[in-house]
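Engineer: Sequence first, predicted model second:
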Amino acid sequence: MFHTYSGQTIGFEIKYKQRTSMSIHIDSNGYIEIHVPKGISDDRVIQAVEEKWDWIQEKLTEMKDRTRGFKAKVYEHGESFLYLGKEYPIQIAHDINIQQDYVVFEEEKLHIYVKHLEDEKIKQALKRFYYQQCKMLVEKTIKSYQSNFKIKPRSIRITDNKTNWGTCDSRQQLTFNWRLAMAPQSVIDYVVVHEMCHMLHMNHDRSFWRLVGKILPDYKAQENWLALSNWKMTV
């Protein structure tokens, strides 16, 4: 079935199932399925699609971005980088008098101050910024959720882990990937809570997921954001 709304047309398939509510599923290729209870009219399905129109368009755009493949970053004015889930342009300032290169986020821009106007210097300044922000954000988030736990992390580290967003070892030492600073706060909340739950349940067993779900009922939405957007979290 095809439907046009707000000047845009999408195609989707309706699947009738033994269920009590409707749900919209979009796969990695942008194929849309609407799962609906038996007996629901097409008009009601169309109404539900229109109510979720902005969300559907956002997801379809994400899929298109992913299929275009990775585009290497350039370190010049106007190039955008993720910070707390949003893309912001960089503004580069050359200052030979500074002691260390640094980045400041203000006025919806990432202002980069470097002693030497070189791509690698700009890249390293950005990475330091994300490391610092990640540590601050993680520590703040741990404090926000500590009341849900009877034990506290023994230490917190920020690393350049290529395979994990976070880890927790048997000594309750938590480690987080610096790229988390690029994610929305809700995603940071999920990764932090996920690792804090490992302080009590080292495996991903039913008890572990029950605890995660009790603290963050919408955690699957945050997993989905990471699955769809992790390729963009780079400098």
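Structural biologist: That came through, no problem.

Engineer: who's in contact with stretch 71-80?
Structural biologist: For stretch 71-80, contacts defined as Cβ atoms under 8 Å, 6 or more residues apart in numbering pick out 81, 87-92, 119, 122-123, 234-235. From N, CA and C alone the C-beta is placed, and that goes for glycine too.

Engineer: Now render the residues you listed as TSV, adding distance to Gly166 and pLDDT.
Structural biologist: As requested, those are exported to TSV (distance: Cβ to Cβ, whole Å; pLDDT from 0 to 100):
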residue	distance to Gly166	pLDDT
Phe81	21	96
Glu87	23	94
Tyr88	24	97
Pro89	29	96
Ile90	27	97
Gln91	31	96
Ile92	31	96
Asp119	30	95
Ile122	27	96
Lys123	24	96
Thr234	18	90
Val235	19	92
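
Engineer: now, which of these sits nearest Lys135?
Structural biologist: Nearest to Lys135 out of the contacts of stretch 71-80 is Val235 (Cβ to Cβ; 16.6 Å).

Engineer: Test my guess that that closest one contacts Tyr130.
Structural biologist: Yes: counting by Cβ atoms under 8 Å, Val235 sits close enough to Tyr130 to count as a contact (7.2 Å).

Engineer: Please narrow the contacts of stretch 71-80 to those residing in helices.
Structural biologist: Of the contacts of stretch 71-80, the ones assigned to helices by DSSP state H are 119, 122-123.

Engineer: among these, which ones are buried?
Structural biologist: The neighbour count (16 or more other Cβ atoms under 10 Å) marks Ile122 as buried among those.

Engineer: Least confident secondary structure element in the chain?
Structural biologist: Lowest by mean pLDDT, DSSP states H and E among the helices and strands of the chain is helix 53-67, with a mean of 79.

Engineer: just checking, what packs against that one?
Structural biologist: When contacts are defined as 3 or more Cβ pairs under 8 Å, 6 or more residues apart in numbering; DSSP states H and E, helix 53-67 packs onto strand 8-11, strand 23-26, helix 219-229.

Engineer: so Arg179 touches Tyr130, yeah?
Structural biologist: Yes: if you go by Cβ under 8 Å, Arg179 and Tyr130 touch, sitting 6.8 Å apart.

Engineer: Is Val187 in a helix, a strand, or coil?
Structural biologist: For Val187, the secondary-structure state derived from DSSP: H, G, I helix; E, B strand; the rest coil is helix.

Engineer: Can you name the residues in contact with the biggest strand by length in the chain?
Structural biologist: As assigned by DSSP state E, the longest strand anywhere in the chain is strand 86-94. Residues outside strand 86-94 that contact it (Cβ under 8 Å, 6+ apart) are 75-82, 105, 108-114, 117, 122, 126.

Engineer: Thank you kindly, that will do.
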